[in-house]
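Peer 1: dropping a prediction and its sequence here:
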Amino acid sequence: MKKLELIEMTKPELETRLQDDMDALQNLRFQKALQQLEDPLQVRYMKREIAQIKTVLHEYELGLRQDKE
């Protein structure tokens with residue numbers, strides 16, 4: 001996901017996306033443990049996306065970003 005797409009999302013959408021990504025990361029880790037993961041870099045990309053979402057959510061908490069609603 002691009003950084004611009006994250007910026008355009010609202011806070012509830014970001015929270016939902018974060019939960020979905022956390023679940024997907026857990027599934028990727030299970031696949032990796034069972035040697036069923038085809039592309040191990042998917043774990044890295046998912047962790048990076050989770051970090052970006054958490055950064056934007058933290059900016060909302062600090063007041064650096066305002067909800068568009």
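Peer 2: Done, it's in.
Peer 1: from memory Ile50 sits against Arg17, does it?
Peer 2: No: if you go by C-beta atoms under 8 Å, Ile50 and Arg17 don't touch, sitting 9.3 Å apart. No exception for glycine: its C-beta is placed from N, CA and C like everyone else's.
Peer 1: what about the most centrally placed residue in the chain, distance to Glu59?
Peer 2: Centroid-nearest residue in the chain, with C-alpha atoms, centre = their mean: Ile50, separated by 2.9 Å. According to C-beta to C-beta, to the nearest Å, Ile50 stands 15 Å off from Glu59.
Peer 1: what's the next secondary structure element after the host helix or strand of Leu4?
Peer 2: Under the criterion of DSSP states H and E, Leu4 resides in helix 3-8. Moving toward the C-terminus from helix 3-8, the next helix or strand (DSSP H and E) is helix 11-33.
Peer 1: in three-state terms, label Glu38 for me.
Peer 2: For Glu38, the assignment made with DSSP: H, G, I helix; E, B strand; the rest coil gives coil.
Peer 1: for it, phi and psi?
Peer 2: phi -80, psi -40 (degrees, to the nearest 10).
Peer 1: return the set of buried residues in the worst-scoring helix or strand of the chain on mean pLDDT.
Peer 2: Least confident helix or strand of the chain, by mean pLDDT, DSSP states H and E, is helix 3-8 with a mean of 86. Neighbour-count burial for helix 3-8 flags Leu6 (criterion: 16 or more other C-beta atoms under 10 Å).
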